[in-house]
Each structure stands twice: as C-alpha cells, then as structure tokens.
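Peer 1: here is my input; please provide its structure:
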Amino acid sequence: MNCISCISYIIVGLMIISAILAVEWKDLLAAAVGMAAVSLFASFLFFMLQAPDVAMTEAAIGAALSGAVFIFAIKRTQRYETEDEEKPGWWVRW
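Peer 2: Below you'll find the model as predicted:
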C-alpha cells in the first residue's frame, strides 16, 4: 500500500467523522461547519484523484458557498432552545 492510498483512507475517515459530528451536534453553527468540512475533505480527494477542476468547484460551491448560506440563514433566524432531558443519539431515533 503506497502513501497516496494511506492519505486517501485518512481523508475518507475524516469525512465520515465530520459527517457524524455534523449530524450529532446540537449547535446549528457547528453542524454547518461540520457539513462544510465534509465538502472540503471531498475536494481534497478530488484533487488527489487528479481532477483539479472538480476539486476547485467542490471547494468553492460545496464548502464555501453552501457553508456561508447555511451560516447566514442560521444567524438570521431566532432559536428557542429548551433544556429538556437528554434525547438519545441518532442511532436510537431511527
């Protein structure tokens, strides 16, 4: 196994961890950042697969623009949070 495939496995692992954290985080801004991180890691993978045009598009649209739209929408809304009992994780809710 060469170094490139090791790095790609690490990036895929980081993508999976970021996606799980984006789903599990209660704070909406943190979840939006987690979603943008998944897209940013995907752009790294596209670059490693020698598709720089797709990587730049994914970074610009997927990570930057989508993340900015989500963060702007979250900031423009009001949040009403209650301190209820701790709800189970997503694996229990399904």
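
Peer 1: where in this protein is pLDDT low?
Peer 2: Where the chain drops to pLDDT under 70, the residues are 1, 79-94.

Peer 1: so which residue is dead centre in it?
Peer 2: Met35 (2.3 Å; CA atoms, centre = their mean).

Peer 1: was I right to think that one contacts Ala22?
Peer 2: Yes. Using CB atoms under 8 Å, Met35 makes contact with Ala22 at a distance of 4.8 Å. Every residue, glycine included, has its C-beta placed from N, CA and C.

Peer 1: which secondary structure elements does the helix or strand the residue nearest to the centre of the chain falls within contact?
Peer 2: Met35 belongs to helix 28-48 when assigned by DSSP states H and E. Where contact means 3 or more CB pairs under 8 Å, 6 or more residues apart in numbering; DSSP states H and E, helix 28-48 is packed against helix 3-24, helix 52-57, helix 66-76.

Peer 1: relative to Ser39, which of these is closest?
Peer 2: Taking CB to CB, helix 66-76 is the member of the helices and strands packed on helix 28-48 nearest to Ser39, at 6.8 Å.

Peer 1: got the buried residues for that closest one?
Peer 2: Residues 67, 70 are the ones in helix 66-76 that count as buried (16 or more other CB atoms under 10 Å).

Peer 1: got the contact list for it?
Peer 2: Residues outside helix 66-76 that contact it (CB atoms under 8 Å, 6 or more residues apart in numbering) are 28-29, 32-33, 35-36, 39.

Peer 1: now, of these, which are buried?
Peer 2: Buried residues within the contacts of helix 66-76, defined by neighbour count using 16+ other CB under 10 Å: 32-33, 35-36, 39.

Peer 1: okay if I get those as a markdown table plus distance to Gln50?
Peer 2: Shown next, in a markdown table, are the buried ones among the contacts of helix 66-76 (distance: CB to CB, whole Å):
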| residue | distance to Gln50 |
| --- | --- |
| Ala32 | 30 |
| Val33 | 28 |
| Met35 | 26 |
| Ala36 | 24 |
| Ser39 | 19 |
